[in-house]
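**Q** the sequence isn't on hand, but the structure is:
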């Protein structure tokens, strides 16, 4: 009966019935408490069920993030945090948990340092999106040198077309929310110039950066941006 519930839970999860799958997995764990723990099947189930539960909660968190991406409704960020707390109870420092924690820390509190710390725990140097996320956080706090280093690494990774457009859209949204973070136009210019190969957008972004800055800010980046624009116009 216990094994059957576990198997049905897997089937329910694959069919998208997350709530029923969670109910079955929790029921399996409850029933295992009264069983002889050294019996191989029970021992294996006790090891596996927490990971199956973590997969469910990760799916829920991912779904909430997708909804937030479409609507920018902060209520979905609260839901993400609730699912992450559930995952933490069964699987510590799971990569996807750290990734979502970094997102919610930034979006809810602008905790840039903590978000960077979470992403460093994941550390996927060969992942273009990881590199772009690290670059964004560095740029947001004003370290454009480190940001460009990460974008250069991102350009060496496998190209992820759809997610890269989502990242670009997110940066535009942040600038709309916080116009003083105009340095992010510099990042958009570099993304379009080096990673996407869109020269027109790159020039537009770099010019917005140059127009927005004061004379005393980002002097080295100003020189780079002017050189890149000249090179793109040739």
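**A** The structure has been received and is ready for your questions. Remember, it's a predicted structure, so these values are computed and weren't measured experimentally.

**Q** quick one, phi psi at residue 152?
**A** Geometry field for residue 152 lists phi and psi as phi -60, psi -40, criterion degrees, to the nearest 10.

**Q** I misspoke; the intended subject was residue 82.
**A** When read as degrees, to the nearest 10, the backbone of residue 82 gives phi -60, psi -40.

**Q** next: residue 155.
**A** Backbone torsions for residue 155, taken as degrees, to the nearest 10, come to phi -70, psi -20.

**Q** so it makes contact with residue 195?
**A** Yes. The pair residue 155 and residue 195 qualifies as a contact (C-beta atoms under 8 Å) at a distance of 5.1 Å. Glycine gets a C-beta too; all of them are placed from N, C-alpha and C.

**Q** ok, those two, which is more surrounded?
**A** Neighbours per residue (other C-beta atoms under 10 Å) separate residue 155 from residue 195, with residue 195 holding more: 21 against 17.

**Q** could you check how far the more buried one is from residue 156?
**A** Relative to residue 156, residue 195 is positioned 10 Å away (C-beta to C-beta, to the nearest Å).

**Q** kindly report the same for residue 25.
**A** As defined by C-beta to C-beta, residue 25 lies at a distance of 40 Å from residue 156.

**Q** between these two, which is the more surrounded one?
**A** Counted by other C-beta under 10 Å, residue 25 and residue 156 do not tie: residue 25 has more neighbours, with 26 against 10.

**Q** check which helices and strands the lowest-mean-pLDDT helix or strand in the chain sits against.
**A** Least confident helix or strand of the chain, by mean pLDDT, DSSP states H and E, is helix 75-90 with a mean of 86. Contact here means 3 or more C-beta pairs under 8 Å, 6 or more residues apart in numbering; DSSP states H and E; on that basis helix 75-90 packs against helix 40-71, helix 95-109.

**Q** quickly compare those and say which is most buried.
**A** Most buried of the helices and strands packed on helix 75-90, by mean neighbour count (mean count of other C-beta atoms under 10 Å): helix 95-109, with a mean of 20.

**Q** what pLDDT, on average, does it get?
**A** The average pLDDT for helix 95-109 rounds to 90.

**Q** give me the most central residue, the protein.
**A** Compute the mean C-alpha point of the chain, and by C-alpha atoms, centre = their mean the closest residue is residue 99, 5.0 Å away.
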